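>>> fold the following.
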Amino acid sequence: MMASTTGEATKMPRPRRRRLVDMALWFGASVTCLASVWNLARGATSTSERRRRRMSSVVWQESQPLEQRNLVDNIVKTIQDNDGDDLLRPSRSACVLQPWPVVVVPSHIYTCGYQPFAVLAFQQLYPEFANFTKTIPLTRQNANASTPTDILVVGVGGFCDGWGAHKLQVDWFAHHFRGIVFHFNGESFGGEPWEEAPAERVQTTASPGVPVATLPRRNYHIGYAADSSQSVRVYFASLVVAQTPHFQTALFMENKKPRNTGQGFMIYTASNCAVTYREQAVDWIASRVGKPIHYGGTCRGLLAHQQQPKQHPKSNNTNNNTNTTRVLPSNTVPSPWPPKRGHGHWLGNAESSYQHYRFCLVLENKKKDGYITEKIVLAFVAGCIPVYYGTEEIFHVFNPNAFIYYNVSNPRLALDAIAALEANHTAYHLMLIQEPILAQGNQTMEQYFSLLDGIGHGTLKHRIRQTVCLDQNGSDHGDAT
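Numbering: from 1, shown residues only. As a prediction, the model looks like this:
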């Protein structure tokens, strides 16, 4: 009993122990603060020191175990010792297989081009950055303040601190924006740098006087360009489906395949009337079937434009014969259900117009590998049979028996098919109702539409993330360039 009593008397009271712990923590914080003041007093301005300060402002260490805190310190020190403009980037396999135990969030997210579409696509790929509700429009001036941990989201084709020759381009981003650039491309142009410099031709040391083809520094392309170390082929149609939930229901659930109202024969909606084969197709189809085609845009066939020059949309002159709602050619008439311009979302407007027609003429403006737009998707979702022209990759995505491929070099087969289906309502309804939309069902979903975790296990989404390697940190980690 005496020994027990003596032992208890020699123990330090609990409140005193707590005070000592608090003092130790306070002392450690004071030392850290004094060290920071000392560094500032020295006026450290080296590249490595500036890098250390930038990293200290963006590294967020939640209550991590001591082992992870040590790993964080080592990572920051490694970045500090790297004097180049880029963050040190380990091998791609190391990045994919061993995510860093540290959360590095972007300092800022800049935008450029078609912003709503591109920003939403980026947030779907990186939901952990979705809390960046405020983005910064990129300009030539504020790009100078960018850091390696900033991100620029570009919607190719839109306004980017200018139009035409004055807008910011890929080469400018590569030389002036220090962060990572995502190019979300729904156009048939803008991916040339990734086409001209495939994966195996990354920047290397060349022989004296020998130029080296390079991929644009820290720029990643998501669009029609073929897969490479800095690009992933994603159809614009796939991006549109990912951003429109009821499109997913229409395409992926065979028992809910949409049906049109059957009130009209065919709708044609286009604004680029310089695509001659599209305009010519309108006249040939109308002539072959013997019925006029309704138009919902500014384009209405070659014959219409030859007979009636288009009136300027802002003209107030309503007393001449150029108003196509008054004097009409025989091949086309205006749609009684035209897409509403400037009212609501453009996809919904087109869909509401298409749903009244048995056929939808949806020819791409260019036949190009990797280029499949929203046109054929809108037709399927509205419940009409698409008459399509574009890359033959379309047969890998959509069931060839669910649409009509209009070969502009030899349109006879398509013309005969349209005429036969229009004359035989039983055959038409069998094609409309029984044929599935996707070429290979779940396999197609996973290969071409899996930009969300809930679609095809998110396979395409994770392939993009692995290409950029931005999984749990704010910088890309491909091979150093």
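
>>> how about residues contacting the top strand by length along the chain?
If you go by DSSP state E, the chain has its longest strand at strand 357-363. Outside strand 357-363, the residues that touch it by Cβ atoms under 8 Å, 6 or more residues apart in numbering are 260, 262-268, 275, 277-278, 281-282, 285, 293-294, 354, 375-376, 378-379, 382, 384-390, 404, 406, 408, 418, 421-422, 428. Every residue, glycine included, has its C-beta placed from N, CA and C.

>>> pLDDT at the closest residue to Glu351 other than its chain neighbours, what is it?
Excluding the flanking residues, the one nearest Glu351 by Cβ to Cβ, 6 or more residues apart in numbering is Ala382, at 5.0 Å. Looking at Ala382, its pLDDT stands at 93.

>>> number of nearby residues for Ala382?
Ala382 sits with 23 neighbouring residues when counted by other Cβ atoms under 10 Å.

>>> contacting residues for it?
Contacts of Ala382 by Cβ under 8 Å, 6+ apart are Pro258, Asn260, Ala350, Glu351, Ser353, Tyr354, Gln355, Tyr357, Cys360.

>>> how much space between it and Asn219?
36 Å (Cβ to Cβ, to the nearest Å).

>>> next: Ser409.
Relative to Asn219, Ser409 is positioned 36 Å away (Cβ to Cβ).

>>> where exactly do the strands run in this structure?
Using DSSP E, the strands of the chain run over 59-60, 103-104, 109-113, 136-137, 151-155, 180-184, 219-223, 231-233, 264-268, 293-295, 332-334, 357-363, 385-389, 404-405.

>>> would JSON lines of these with mean neighbour count, mean pLDDT and distance to Ala250 be doable?
Below are these laid out as JSON lines (neighbours: other Cβ atoms under 10 Å; pLDDT from 0 to 100; distance: least, Cβ to Cβ, whole Å):
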{"stretch": "strand 59-60", "mean neighbour count": "14", "mean pLDDT": "35", "distance to Ala250": "41"}
{"stretch": "strand 103-104", "mean neighbour count": "18", "mean pLDDT": "42", "distance to Ala250": "37"}
{"stretch": "strand 109-113", "mean neighbour count": "23", "mean pLDDT": "93", "distance to Ala250": "28"}
{"stretch": "strand 136-137", "mean neighbour count": "14", "mean pLDDT": "92", "distance to Ala250": "34"}
{"stretch": "strand 151-155", "mean neighbour count": "28", "mean pLDDT": "95", "distance to Ala250": "25"}
{"stretch": "strand 180-184", "mean neighbour count": "24", "mean pLDDT": "95", "distance to Ala250": "23"}
{"stretch": "strand 219-223", "mean neighbour count": "26", "mean pLDDT": "95", "distance to Ala250": "24"}
{"stretch": "strand 231-233", "mean neighbour count": "23", "mean pLDDT": "96", "distance to Ala250": "24"}
{"stretch": "strand 264-268", "mean neighbour count": "24", "mean pLDDT": "94", "distance to Ala250": "17"}
{"stretch": "strand 293-295", "mean neighbour count": "24", "mean pLDDT": "91", "distance to Ala250": "22"}
{"stretch": "strand 332-334", "mean neighbour count": "17", "mean pLDDT": "56", "distance to Ala250": "27"}
{"stretch": "strand 357-363", "mean neighbour count": "26", "mean pLDDT": "96", "distance to Ala250": "14"}
{"stretch": "strand 385-389", "mean neighbour count": "24", "mean pLDDT": "98", "distance to Ala250": "13"}
{"stretch": "strand 404-405", "mean neighbour count": "20", "mean pLDDT": "98", "distance to Ala250": "19"}
